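[1] okay, predicted coordinates and the sequence, questions at the end:
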Amino acid sequence: MARDKIGLIGSGQIGGTLAHLIGLKELGDVVMFDIAEGVPQGKSLDIAQSSPVDGFDARLTGTNSYEALEGASVCIVTAGVPRKPGMSRDDLLGINLKVMEQVGAGIKKYAPDAFVICITNPLDAMVWALQKASNLPAKKVVGMAGVLDSSRFRYFLADEFDVSVEDVTAFVLGGHGDSMVPLVKYSTVAGIPLPDLVKMGWTSQARIDEIVDRTRNGGAEIVNLLKTGSAFYAPAASAIAMAESFLRDKKRVLPCAAYLNGEFGVDDMYVGVPVVIGAKGVERIVEIELAGKDREAFDKSVAAVRGLVDACKKIAPDLL
Ligand code: A3D
């Protein structure tokens, strides 16, 4: 059986880490694309030269031409520019929106059957724009944020309880940003929900509140430490979990930015919700019941995403 081709559009910090992980996990051959000349070529050659040491077989190539993505089964998009001092959120939105238009056109032409995972920020608006620009079926275009936000939440909880990360499950829903919604009720240690663990005296509500807050600010915490650039190891690992579920038809239940058309009372928008990812892409949206404070927080988060999508519509009305 021929190996799958995985296109990485954007070969920066996350792109390079993705390529390395794909090699180590033998998920397929990798085509790294970027507008920066030499960067995808240099990174792919460097990683390829590690393959004899680590013992993985994968063909890694770098390119500045979309043509090389021909026939890709998965495309992971990190192309874009980060926010620089003096740049407003709308400035960034305008620039990355143009990038999504170019990337969408490239995918549409050369990899129309691919499962597409968008990571570029502002995530929920960019994945929306990418789906419009590529015109691929909405179930084949998803955004990565929830897996990362949930993984941060899981890590902090495992640390708090001094238990294995493997035994902690957590769900973070909503848009990717300050308004994300970590769902305490659906987060567990070996199936025991957090509110029960508070009752059992394993932790206090105040500690849970602090962890929820730290999760919400997880991205900013890393940006402040790194000073140049943002997180890339955990974001790359998270997108790989999504790609693997598609390529191996694992049907994992993962929180992803998925296209909602009525589900959760949301129309024509991408928002973080639990989905099943299998060989057909997003095979099911898991419409859990949200009530009380969780519903309020989710609605607030949806409103924040709506604001970004409306700004996109204003900047690029032809996308619609
Ligand atoms: P970075 O290392 O800057 O890589 C971005 C790459 O995109 C650079 O190599 C650029 O040359 C390239 N690029 C720019 N314009 C184009 C274009 N038109 N076509 C192709 N390539 C282009 O960034 P990074 O890898 O650290 O992060 C990538 C993106 O992910 C950024 O938008 C981050 O904000 C975002 N991000 C999202 C999350 C989420 O959880 C959603 C987490 C971390 C980072």
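    Perfect, thanks for sending it.
[2] so what does the host helix or strand of Arg152 touch, helix or strand wise?
    Assigned by DSSP states H and E, Arg152 belongs to helix 146-161. Packed against helix 146-161, as judged by 3 or more C-beta pairs under 8 Å, 6 or more residues apart in numbering; DSSP states H and E, are the following elements: strand 168-173, strand 181-189, helix 205-216, helix 218-226, helix 233-247, strand 252-261, strand 267-278. All C-beta atoms are positioned from the backbone trio N, CA, C, and that covers glycine.
[3] of all the ones you listed, which one is nearest Val81?
    Shortest distance between Val81 and the helices and strands packed on helix 146-161, using C-beta to C-beta, is found for helix 218-226: 14.9 Å.
[4] what packs against the closest one?
    helix 146-161.
[5] quick one: buried residues of the helix it packs on?
    Of all the residues in helix 146-161, those buried under the rule 16 or more other C-beta atoms under 10 Å are 146-158, 160.
[6] in the protein, where is pLDDT below threshold?
    320 (pLDDT under 70).
[7] show me which residues of it are close to the ligand?
    Listed as neighbours of the ligand in the chain under the rule C-beta under 6 Å from any ligand atom: 9-15, 34-36, 39, 78-82, 99, 102, 119-121, 123, 144-145, 148, 176, 229-232, 235.
[8] just the buried ones from those?
    By 16+ other C-beta under 10 Å, these give 9-15, 34, 39, 78-80, 99, 119-121, 123, 144-145, 148, 176, 231-232, 235 as buried.
[9] inside helices: which ones of these?
    Among those, DSSP state H puts Gln13, Ile14, Gly15, Val39, Val99, Leu123, Leu148, Pro235 in helices.
[10] between those residues, which is nearest Gly281?
    Leu123 (17.8 Å).
[11] among the helices and strands packed on helix 146-161, which is the most enclosed?
    strand 168-173 (a mean of 24; mean count of other C-beta atoms under 10 Å).
[12] how about the stretch 1-150 of the chain: which residue is closest to the ligand?
    The nearest approach of the stretch 1-150 of the chain to the ligand comes at Gly12, 1.8 Å away (C-beta to the nearest ligand atom).
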